[in-house]
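> The sequence and its predicted three-dimensional model are supplied below.
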Amino acid sequence: DAGVTQSPTHLIKTRGQHVTLRCSPISGHKSVSWYQQVLGQGPQFIFQYYEKEERGRGNFPDRFSARQFPNYSSELNVNALLLGDSALYLCASSLGVRATQETQYFGPGTRLLVL
Amino acid sequence: RKEVEQDPGPFNVPEGATVAFNCTYSNSASQSFFWYRQDCRKEPKLLMSVYSSGNEDGRFTAQLNRASQYISLLIRDSKLSDSATYLCVEGFQKLVFGTGTRLLVSP
């Protein structure tokens, strides 16, 4: 069975640009969470979506937004990119809404570099 | 104070050694605790959940001390393949990851 997939794998953008990252969860999983991992740090929670609704939001500015589609795939959008947005963006899927109680399966991530 | 604190290491140990990592968390309301493993430039993968009674999975043993708000991971008979970063995670309304502890197992 396919695991969590993310696209693109790598991305280079310049300051001020906009980026869209995509994630497809494991088949049957309805919850998708997004994390940002800066080099040398642990992943930091950005959003959780379940059944197309936002169920949790981390401490990130409004430049970050996300949505989930009827097929449970998800997009993370970041506007007005800053150098500090350079990071590995991870998507994780789980079965149900209680993402903190279940195993999170991570995708390989998208490496974003902002110049 | 960070929500989850870990010694970043690295911990350099020979094959066959026993190594222990500790982690402290600040949210006394946390309900769930995990150890994830992350290989270099790869995604995190769940190693094990951590239960109040302690739990063991092969060479790995995890302990939770709610009174002192710390979590531990013990790895016995270390293998070269255990070399990775070990992330301590607590969950309440969201998962909060520590910065990770790097383990290097040498021949």
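Structure's in. What do you need?

> With adjacent residues omitted, what lies nearest to B:Met22?
One correction, residue B:22 is Asn, not Met. The shortest distance from B:Asn22 to any non-neighbouring residue, by C-beta to C-beta, 6 or more residues apart in numbering or on different chains, is to B:Ser72 (5.1 Å). To be clear about C-beta, it is placed using only N, CA and C from the backbone, and glycine gets the same treatment.

> can I assume the one you found sits in a helix?
No: judged by DSSP: H, G, I helix; E, B strand; the rest coil, B:Ser72 forms no part of a helix; its state is strand.

> Quick check: pLDDT value at it.
In the prediction, the pLDDT value recorded for B:Ser72 is 96.

> Touching, it and B:Phe21? I think so.
Yes: B:Ser72 lies in contact with B:Phe21 (C-beta atoms under 8 Å); the separation is 6.7 Å.

> any idea what sits nearest residue 8, other than its immediate chain neighbours?
Picked chain A for this. Distance criterion C-beta to C-beta, 6+ apart; nearest residue to A:Pro8, sequence neighbours excluded, is A:Thr110 at 6.0 Å.

> my bad, chain B
Nearest non-adjacent residue to B:Pro8, counting by C-beta to C-beta, 6+ apart: B:Thr99, 5.8 Å away.

> since we're on that neighbour, how many residues are nearby?
19 (other C-beta atoms under 10 Å in any protein chain shown).

> One more: A:Leu112?
Neighbours around A:Leu112, by other C-beta under 10 Å: 20.

> B:Ala67 now?
So B:Ala67, with other C-beta under 10 Å, has 6 neighbours.

> any idea whether it is helix, strand or coil?
coil.

> Compute the distance between it and chain A, please.
With distances taken as C-beta to the nearest C-beta, to the nearest Å, B:Ala67 is found 21 Å from chain A.

> what are the phi and psi angles of that residue?
Backbone torsions for B:Ala67, taken as degrees, to the nearest 10, come to phi -60, psi -40.

> A:Gln68 now?
Dihedral pair for A:Gln68: phi -130, psi 140, per degrees, to the nearest 10.

> contact partners of whichever strand or helix holds A:Phe47?
Element membership for A:Phe47 (DSSP states H and E) is strand A:44-50. Contacts with strand A:44-50, where a contact means C-beta atoms under 8 Å, 6 or more residues apart in numbering or on different chains, come from A:30-38, A:54-58, A:60, A:64, A:66-68, A:74, A:76, A:96-97, A:99, B:94-97.

> pull the CA atoms of stretch A:86-94 into CSV?
What follows is stretch A:86-94 as a C-alpha-only set of coordinates in CSV (Å, rounded to 0.1, in the frame of the first residue of the first chain):
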residue,chain,number,x,y,z
SER,A,86,13.1,27.7,4.5
ALA,A,87,12.5,24.3,6.0
LEU,A,88,11.3,20.8,5.5
TYR,A,89,7.5,20.7,5.4
LEU,A,90,6.1,17.4,6.5
CYS,A,91,2.6,16.1,6.1
ALA,A,92,1.3,13.4,8.4
SER,A,93,-1.9,11.3,8.1
SER,A,94,-3.9,9.4,10.7
